[in-house]
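Student: Provided below are the primary sequence and the corresponding predicted coordinates.
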Amino acid sequence: MRRMLTAALGVAATATLLSGGIASADPAKGSQSNCEQGWFCAYDGDELTGFSIYWTVGRDDPDWHSDNIGDKAESFHNNAPWGGSTWVVLYQNTGHSGSRECLQPGEIFDPAAWYWAENEVSSHLWTTQAGAAQRCSG
Ligand SMILES: [Ca+2]
Ligand SMILES: [Ca+2]
């Protein structure tokens, strides 16, 4: 199993509208995620640790390199709520191309070192469940 599913225990936070790619100050400790509800977070360490960046729902990012996380992320948390365009599609290359991985709302994804998504993700976008099924089938 390369995916771990966890219940989204989001603290009701007032999600301020932010432009994409915000660095978060406090690294997550252990398996405790610091990814707030309504955020999609990427970490440069396994198990949601290390330097992290987050994007609020609807903020696509075609180039993670400008946020210093391109080809560096080793774990991910989509802490968006169910409903609407709250699925995240990870892409291997900038501009939403290359290999893909779809994360459902609440999903923590910590790829193993051999999997393409480890230190390779370079862009993402938000989509619906149907959109994710389309992009990540096959
Ligand atoms: Ca990993
Ligand atoms: Ca890449």
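Tutor: Yep, it's here. Ligands and ions are numbered 1, 2, ... in the order given.

Student: Identify the bridge partners of S123.
Tutor: Y91 (DSSP bridges).

Student: Using CSV, write out every CA atom in stretch 36-49.
Tutor: Taking C-alpha atoms only, stretch 36-49 is exported to CSV below (Å, rounded to 0.1, in the frame of the first residue of the first chain):
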residue,chain,number,x,y,z
GLU,A,36,-4.8,23.1,8.1
GLN,A,37,-8.3,22.3,6.8
GLY,A,38,-8.8,23.7,3.3
TRP,A,39,-5.1,23.4,2.5
PHE,A,40,-3.0,21.2,0.3
CYS,A,41,0.5,20.8,1.7
ALA,A,42,3.7,19.5,0.3
TYR,A,43,6.8,18.7,2.5
ASP,A,44,10.4,18.1,1.6
GLY,A,45,10.7,15.3,4.1
ASP,A,46,8.9,12.0,4.6
GLU,A,47,6.0,11.7,7.0
LEU,A,48,4.9,15.3,6.6
THR,A,49,8.1,16.8,8.0
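
Student: how about the helices of this protein, start to end?
Tutor: 129-136 (DSSP state H).

Student: my guess is E107 meets W82, correct?
Tutor: No - judged on C-beta atoms under 8 Å, E107 makes no contact with W82 at a distance of 11.0 Å. Backbone N, C-alpha and C define where each C-beta goes, glycine included.

Student: Who has more neighbours out of the two?
Tutor: More crowded of E107 and W82, by other C-beta atoms under 10 Å: E107, with 20 against 11.

Student: who's in contact with S85?
Tutor: 57-58, 126-128, 131 (C-beta atoms under 8 Å, 6 or more residues apart in numbering).

Student: which ones are touching the residue in the chain positioned nearest to ligand 2?
Tutor: Relative to ligand 2, the nearest point of the chain is S122 (3.5 Å; C-beta to the ion). Counting by C-beta under 8 Å, 6+ apart, S122 touches 63-65, 70-71, 91-94, 98.
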